[in-house]
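Trainee: sharing a model prediction with you, sequence too.
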Amino acid sequence: MKRTFRGQILTLILCLITTLGFSQSKEIKIEFLGNCGLYLTDGKTSIYTDFPYKSGAHGYMDFEETELDSIKENSIFIFTHKHSDHYSDKNIKKVIKEKGGKKYGSWNIDELRNLGESIPNFSIQAFKTDHKWSSKHYSYLITWHHKKIFLSGDTESAETIGTIKNMDWAFVPYWILLDAKENDIKIDTNMFGVYHLATVQIPSAKKNYDEIENMKPMVEQGEKITIKLLED
Ligand SMILES: [Zn+2]
């Protein structure tokens, strides 16, 4: 009898833990797809940034065709600019034709700025930023469930990101870190995701950034970041 009672208590405790675990499992998941390509989801809305690009363009990361097949239906695609290591007209057309969804960038930037009207607890700021060979480059600050995620894209300058307060994750190429250092610009973020690494740069990126607590070099395609959320 005693044992059964104990068993029941144990089961009850386990149930409670499981229930609590589920109710606290609100999170934003970010998957690294390659270059500046990220997949972000809160479990309801799917957002892709700078993806799909042209696999292997300019000596940067390639990806399997199956990666396109696994794109979620009715997603939102946000692009910083149209260089082929960030954007592929052919790939995005194919994906949207097969799975629906909509693409955003310099061509419909006002629509993009209004995305918050259709996604719960979401807003996006678009910053016109400089980039060689592109007159239409934007960096973005996403605020989603009160978390701030900055997407630098390809811009060479840390000036814009230097004006933003209290970021949770800043996704930046390594040259932004160098530019910030050189010009004494402080970047106010909890975590850095160092992205847009070419394959040949991976060993040195690992060496330089792996040991630093608030820096994550984005080197392995498919790796995931989880941002825990408090209740909205
Ligand atoms: Zn570019």
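Mentor: Perfect, thanks for sending it.
Trainee: residues from the chain in reach of the ion?
Mentor: Within the chain, the residues that sit near the ion (CB under 5 Å from the ion) are 83, 154. Every C-beta, even on glycine, is put in place using the N, C-alpha and C of the backbone.
Trainee: where does the chain have low pLDDT?
Mentor: Applying pLDDT under 70 to the chain flags the ranges 1-4, 10, 12-25, 231-232.
Trainee: which residue is nearest the middle of it?
Mentor: For the chain, the residue nearest the mean C-alpha position is residue 38 (4.4 Å; CA atoms, centre = their mean).
Trainee: beta partners for it?
Mentor: With DSSP bridges as the criterion, residue 38 is bridged to residue 32, residue 49.
Trainee: which residues touch it?
Mentor: The contact partners of residue 38, by CB atoms under 8 Å, 6 or more residues apart in numbering, come to 30-32, 48-51, 151, 171, 195.
Trainee: how far away is it from residue 110?
Mentor: For residue 38, the distance to residue 110 equals 23 Å [CB to CB, to the nearest Å].
Trainee: what's the closest of the contacts of residue 38 to residue 81?
Mentor: For the contacts of residue 38, the residue nearest residue 81 by CB to CB is residue 50; the value is 8.6 Å.
Trainee: residues near that closest one, how many?
Mentor: Per other CB atoms under 10 Å, the neighbour tally for residue 50 reads 27.
Trainee: the strands in the chain, which residues?
Mentor: Using DSSP state E, the strands of the chain run over 27-34, 37-41, 46-49, 76-78, 102-104, 122-128, 138-144, 147-151, 167-172, 189-194, 215-217, 224-228.
Trainee: now render these as CSV, adding distance to residue 160.
Mentor: Formatted as CSV, these follow (distance: least, CB to CB, whole Å):
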stretch, distance to residue 160
strand 27-34, 21
strand 37-41, 19
strand 46-49, 16
strand 76-78, 16
strand 102-104, 19
strand 122-128, 5
strand 138-144, 6
strand 147-151, 9
strand 167-172, 11
strand 189-194, 13
strand 215-217, 20
strand 224-228, 22
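Trainee: who wins for proximity to residue 57 among the ones you listed?
Mentor: Across these, residue 57 has its closest neighbour in strand 27-34 (10.4 Å, CB to CB).
Trainee: any buried residues in the closest one, and which?
Mentor: Using 16 or more other CB atoms under 10 Å as the test for burial, strand 27-34 gives 27-28, 30-34.
Trainee: what does stretch 31-48 give?
Mentor: By neighbour count with 16+ other CB under 10 Å, stretch 31-48 contains the buried residues 31-42, 45-48.
Trainee: could you do stretch 87-102 as well?
Mentor: Under 16+ other CB under 10 Å, the buried positions of stretch 87-102 are 87-88, 91-92, 95-96, 101.
Trainee: which of those residues fall within helices?
Mentor: Mapping these onto helices (DSSP state H) picks out 91-92, 95-96.
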